[in-house]
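>>> Below: sequence and its predicted model.
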There are 2 protein chains.
Amino acid sequence: GYAWWFSGDSFSREAQEERMPRKRGIVYRISSHPGQLTIIYFMSLIFIATSLLLTPAASSSGKSTPFSTAFFTAVSALSTCGISIVNTTQHWSIFGQIVLIVAVQMGGLGVMTFASMIALAVNHHLKATQRLLTATELGTNKLNEIRSVLNVVLTITFSIEAITFVSLFPGLLSVNKSNVGKSLWEALFFAVMAYNNAGFTPDGAGLYVDKWEVGMPIMLSAFCGTLGFPVILNLVRTARQHKGVRRLNLHTKVTLLTTFIIVLISLFWFLIVEWNNQALFHNAGIEERMRRGVVAAVMPRSSGFDLSWVPKVSEPTKVFMSMVMFIGGGSTSTAGGIRVTTLAVIFLVCKTAFSGHADVNVFHRRIHMRVVMTAISITVSCLALVFVASVSLMMIEDVSFSHALFDACSAFGLGGYSVGVADADYPAALYVLAATMIIGRLGPMTIAYAVGRPHVVDAVRYPTDQIVVG
Amino acid sequence: GYAWWFSGDSFSREAQEERMPRKRGIVYRISSHPGQLTIIYFMSLIFIATSLLLTPAASSSGKSTPFSTAFFTAVSALSTCGISIVNTTQHWSIFGQIVLIVAVQMGGLGVMTFASMIALAVNHHLKATQRLLTATELGTNKLNEIRSVLNVVLTITFSIEAITFVSLFPGLLSVNKSNVGKSLWEALFFAVMAYNNAGFTPDGAGLYVDKWEVGMPIMLSAFCGTLGFPVILNLVRTARQHKGVRRLNLHTKVTLLTTFIIVLISLFWFLIVEWNNQALFHNAGIEERMRRGVVAAVMPRSSGFDLSWVPKVSEPTKVFMSMVMFIGGGSTSTAGGIRVTTLAVIFLVCKTAFSGHADVNVFHRRIHMRVVMTAISITVSCLALVFVASVSLMMIEDVSFSHALFDACSAFGLGGYSVGVADADYPAALYVLAATMIIGRLGPMTIAYAVGRPHVVDAVRYPTDQIVVG
Ligand SMILES: [K+]
Ligand SMILES: [K+]
């Protein structure tokens, strides 16, 4: 079973071993540093993918692609961001497109696996500092745990991708006028891109939202991808055991509730503010408007499909979408941003403060102060990053703040949309955005690891002193 | 002596009385609710000032001013924000200008007094919950304390204003070609506006930065105004007692250090990014550039003088200035924003988190968790406010995000600059900005009061449960 997932008990052996250090194998030592391991994994993949995309074989013209374009596309694929500065099907050959699919798949699997290992390590340390781990809880060993995490990640990923593939095929067959080969290829492409939340599209034109039998499976798969697989795992297991919604664990409850609220606010925003937007709603009837509204509310959070209408939204909507992309999706998912749980914790702190309580409680559980500090650190650091990136883009390209902010948030939150700031003519802007994507991919989980894990025991506790805020 | 100021010990009687409630006089009861009292004080003054400015006698043309303009100007003066939508000397008569001066003075005195009472009340409650107050510490009574606070506020305010007045007179006399009457009037006007950080100028044209004998006293007075009088009081007393810098209290140290860092970053920003800005630097020599750079670095934080160059800065600088205005000045000062100490606490939380500590320490003192939660609540609420205000302004006027953000931050942070969004032709925008000013004036201190004071004792302490952030 996967009872270890949120209990973290099986890490007790590591806790035990930390007190009595002894010689360990190289696998053990490498896997003890998931933070460093993640960085090495992504940097190697970026190097390999850039090299492959630079080869003449990767481009359909047979000429070598400029370095900035190849590097940016490799980072965009590996971070599952999906901003594309060239038309995916026109510029890249079949070989180049296969490199992109594999890169997205490796990036998605990598981030889910490492984020899980980090979450487990943090949880274990929180429990260890609270002395919730006892010597009798010695359980499975480290390698087994990594195998378990990998098993779960691979099983869920390939199951959902397979379901998406099968659901998409009939719809695409009718769209492609019974061209089986093309439909199979597009179904594979969409299946990988959707669950991994990378917004590359096989036809370069966007999404078939008008064909709901194609649009809906893609949207649902992308939505599952933004939740994070622990949430999906918890939902599947709770449903299988015929338990009620109340028995879902805290992380699942908070993720689902926050996601629901964000999607609902987005839906109302698009329906109210963009009601007259021709590019988005095409003056359609209520039913198609609702469908398009739901797609607009779900997609920008991380998936990045259906680009056609994005640059045509009003300025206030660009700001709103920037904020939604900055928040992003669920933890340990292929989505980016500061994560919905981080936002939820920040709001819970405010609620606690305003209601005069001392403990940050939700659903009859207390949020550990360490988690609160992690959430604050992530939010402040990432706000600073997005601010610096936006101002840099403004200086490089002389674009407006709303446009620079939009693309910076899209890169950081791995949204995959662009209002044109990501432009092949400005390599400097591409490097700024690529750096933002890499930090967006690795930053929040690395911060969570750095902040949540080590614990310095202070020798002295200083007296408090008054400081007036506000 | 003023030893009570940061010790809060003299509130012990109130603490005692809270445990044994009994009948109290009306003054006692009113003064027990500084939060409500502040709101009543400002609302009454806004009503009176608007009524006076609406009269034909207040305008130089002898015609009644439109309501939206009179209301906006009254709010702008009382909140010491200083955004003006009409030329102060051309539109208003001498009577109208006297109303403005009195409004600024009442607004400044009011906020300093109430903010101090709130800070004392919060401090007292923190001490009471920590059982640092004992029955033997029964001291002065409540009315005496209010008198003391008022005494200190009035003494410091009028001393600094008098010094500014005297320092300005010779310079203005030479500027006004020995016109004594005009110089006296302008010196009075500048003296009140500078310390209270309201950016109205008597000549409507801006500041005499080229005349350093006029520019410098104004800048120094405005800078003292942004620190908050507890800091000035602490500095004066420490200097008088010939104590070292180390003996300054925590609040003074944090305020001074944070202010210094912000001013230094601003100075570098203006010198680097705006080096070629004709409107700001006039292609001047190094010495005048430094002088203008310092003015540009100090002024936008809250004072709002010298408007000429502001709308001509580059887009990145508008974003940077928005951020600086959002941060604002010191607590219990006439400046606005979330306050520099709030920012400092947020940064200290991140520093603590990243270095793996549990206590938020600074200068060998621990910051109380209640203060941390207050700082987070203020920052999150005010970010949300500025975001909503900016988006509303964009919808009303169809201006760019950077412009809307600039004026929203200027209104919230009581900066007093405007890039033209505050426009008499758009009454709706004026009301949005006026509301933002009022919340900017009262919000942070009210939140500090609401969050810092009441303390619900939780009957149950829930177990912690894992939630993954980042
Ligand atoms: K994406
Ligand atoms: K001001």
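The structure has been received and is ready for your questions. Numbering: from 1, shown residues only, chains lettered A, B, ... in the order given. Ligands and ions are numbered 1, 2, ... in the order given.
>>> pLDDT weak spots in the stretch 251-400 of chain A?
By pLDDT under 70, the low-scoring segments of the stretch 251-400 of chain A are A:304-307.
>>> Report the separation between the residue of it found nearest ligand 2 and residue A:180.
Of all residues in the stretch 251-400 of chain A, residue A:387 sits closest to ligand 2, at 23.6 Å by Cβ to the ion. The C-beta positions use only the backbone N, C-alpha and C, and glycine is treated the same way. Applying Cβ to Cβ, to the nearest Å, the value for residue A:387 to residue A:180 is 50 Å.
>>> all helices for the stretch 201-350 of chain A, in order.
A:212-227, A:229-240, A:250-273, A:278-281, A:286-298, A:315-327, A:340-354 (DSSP state H, counting those that start in this stretch).
>>> Give me the neighbour count for residue A:244.
7 (other Cβ atoms under 10 Å in any protein chain shown).
>>> Can you tell me the closest non-neighbouring residue to the most centrally placed residue in chain A?
Note on chain A: the residue nearest the mean C-alpha position is residue A:335, at 1.5 Å, using Cα atoms, centre = their mean. Leaving aside its chain neighbours, residue A:335 sits nearest to residue A:329 (2.5 Å; criterion: Cβ to Cβ, 6 or more residues apart in numbering or on different chains).
>>> Quick check on residue A:338: phi, psi?
Main-chain dihedrals, residue A:338, degrees, to the nearest 10: phi -80, psi -10.
>>> what's it in contact with, if anything?
Residue A:338 sits next to A:326, A:327, A:328, A:378, A:379, A:382, A:444, B:470 when contact means Cβ atoms under 8 Å, 6 or more residues apart in numbering or on different chains.
>>> Sticking with the nearest residue to residue A:99 once chain neighbours are set aside, tell me its helix or strand.
Spatial nearest neighbour of residue A:99, chain neighbours left out: residue A:52 (4.9 Å); criterion: Cβ to Cβ, 6+ apart. According to DSSP states H and E, residue A:52 maps onto helix A:34-54.
>>> so how far is the following helix or strand past that helix off the chain centroid?
Note on helix A:34-54: by DSSP H and E, the next helix or strand toward the C-terminus is helix A:67-78. Centre-to-centre, helix A:67-78 and its host chain are 18 Å apart (Cα atoms, centre = their mean, to the nearest Å).
>>> Check whether helix A:67-78 comes into contact with ligand 1.
No. With Cβ under 5 Å from the ion as the criterion, ligand 1 is not reached by helix A:67-78; the gap is at least 8.6 Å.
>>> Name the surrounding residues that touch that helix.
A:42, A:45-46, A:49-50, A:53-54, A:58, A:65, A:81-86, A:99-100, A:103-104, A:106-107, A:198, A:200, A:416, A:422, A:424, A:427, A:430-431, A:433-434, A:437-438, A:441.
>>> which of those count as buried?
A:42, A:45-46, A:49-50, A:53-54, A:58, A:65, A:81-86, A:99-100, A:103-104, A:106-107, A:198, A:200, A:416, A:422, A:427, A:430-431, A:433-434, A:437-438, A:441 (16 or more other Cβ atoms under 10 Å in any protein chain shown).
>>> Show me what counts as buried in stretch A:170-186.
So for stretch A:170-186, counting by 16+ other Cβ under 10 Å, buried means A:171, A:172, A:173, A:175, A:176, A:182, A:183, A:184, A:185, A:186.
>>> residues near residue A:93, how many?
With other Cβ under 10 Å as criterion, residue A:93 counts 17.
>>> Enumerate every residue touching it.
Applying Cβ under 8 Å, 6+ apart, the residues contacting residue A:93 are A:57, A:58, A:59, A:60.
>>> from these, which single one is nearest ligand 1?
For the contacts of residue A:93, the nearest to ligand 1 is residue A:58 (21.2 Å; Cβ to the ion).
>>> how close does the residue lying closest to that closest one once chain neighbours are set aside get to chain B?
Computed as Cβ to Cβ, 6+ apart, the closest residue to residue A:58 that is not its neighbour in sequence is residue A:96, at 3.6 Å. Taking Cβ to the nearest Cβ, to the nearest Å as the measure, residue A:96 falls 33 Å from chain B.
>>> again with residue A:416
For residue A:416, the distance to chain B (Cβ to the nearest Cβ) stands at 20 Å.
>>> what about the helices of the stretch 201-350 of chain A, which gets the closest to residue B:460?
Set against residue B:460 and scored by Cβ to Cβ, the helices of the stretch 201-350 of chain A come closest in helix A:340-354, at 14.4 Å.
>>> helix or strand right after the closest one?
Helix A:340-354 is succeeded, C-terminally, by strand A:361-362 (DSSP H and E).
>>> after that next one, next one along is what?
strand A:365-366.
>>> about what we covered before: of the contacts of residue A:338, which pair is most distant in space?
A:326 and B:470 (13.4 Å).
>>> neighbour-wise, which of the two wins?
Each of residue A:326 and residue B:470 has its neighbours counted (other Cβ under 10 Å); residue B:470 has more, 32 against 23.
>>> Show the pLDDT at that one.
Listed pLDDT for residue B:470 reads 67.
>>> And for residue A:466?
So, for residue A:466, pLDDT stands at 68.
>>> So for stretch A:355-364, what gets flagged as buried?
Those buried within stretch A:355-364 under the rule 16+ other Cβ under 10 Å are A:356, A:357, A:358, A:360, A:361, A:362.
>>> Can you list the neighbours in contact with it?
Residues contacting stretch A:355-364 (Cβ under 8 Å, 6+ apart): A:250, A:253-254, A:344-345, A:348-349, A:352, A:366-367, A:369, A:372, B:369-370, B:451, B:454-456, B:458, B:461-462.
>>> Of those residues, which are in range of ligand 1?
Answer for the contacts of stretch A:355-364 near ligand 1: none qualify (Cβ under 5 Å from the ion).
>>> Between the two ends of stretch A:75-94, how far is it?
Using Cα to Cα, to the nearest Å, the end-to-end distance of stretch A:75-94 comes to 19 Å.
>>> and that stretch, what's its mean pLDDT?
Rounded mean pLDDT across stretch A:75-94 is 84.
>>> quick revisit: please, which helix or strand holds the residue of the stretch 251-400 of chain A closest to ligand 2?
With DSSP H and E as the test, residue A:387 turns up in helix A:369-397.
>>> Next, the angle from that helix to helix A:315-327.
130 degrees (axes from the mean of the first three to the mean of the last three Cα atoms, to 10 degrees).
>>> centre of the chain versus helix A:369-397, how much separation?
On Cα atoms, centre = their mean, the centre of helix A:369-397 falls 16 Å from that of its chain.
>>> And the next helix or strand past that helix?
Note on helix A:369-397: by DSSP H and E, the next helix or strand toward the C-terminus is helix A:401-412.
>>> Poorly predicted segments of the stretch 101-250 of chain A, please.
Using pLDDT under 70, the stretch 101-250 of chain A drops low at A:121-146, A:201-210.
>>> what does the stretch 151-300 of chain A put close to chain B?
Contact residues (Cβ under 8 Å from any Cβ of the partner chain) of the stretch 151-300 of chain A with chain B: A:228, A:230, A:249, A:250, A:251, A:254, A:273.
>>> so residue A:315 touches residue A:405, yeah?
No. With contacts counted by Cβ atoms under 8 Å, residue A:315 stays clear of residue A:405, the gap being 10.8 Å.
>>> which one of these two has more residues nearby?
Each of residue A:315 and residue A:405 has its neighbours counted (other Cβ under 10 Å); residue A:405 has more, 31 against 19.
>>> correct me, but that one touches residue A:388?
No. Judged on Cβ under 8 Å, residue A:405 makes no contact with residue A:388 at a distance of 11.7 Å.
>>> For the residue in the stretch 1-150 of chain A that ligand 2 sits nearest to, list the residues it contacts.
Closest residue of the stretch 1-150 of chain A to ligand 2, Cβ to the ion: residue A:83 (40.9 Å). Counting by Cβ under 8 Å, 6+ apart, residue A:83 touches A:72, A:76, A:199, A:304, A:407, A:410-411, A:416-418, A:422, A:433, A:437.
>>> so can I have CSV of those residues showing distance to residue B:244?
CSV is the format used below for those (distance: Cβ to Cβ, whole Å):
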residue, distance to residue B:244
A:72, 55
A:76, 56
A:199, 60
A:304, 58
A:407, 51
A:410, 52
A:411, 49
A:416, 57
A:417, 56
A:418, 56
A:422, 54
A:433, 50
A:437, 50
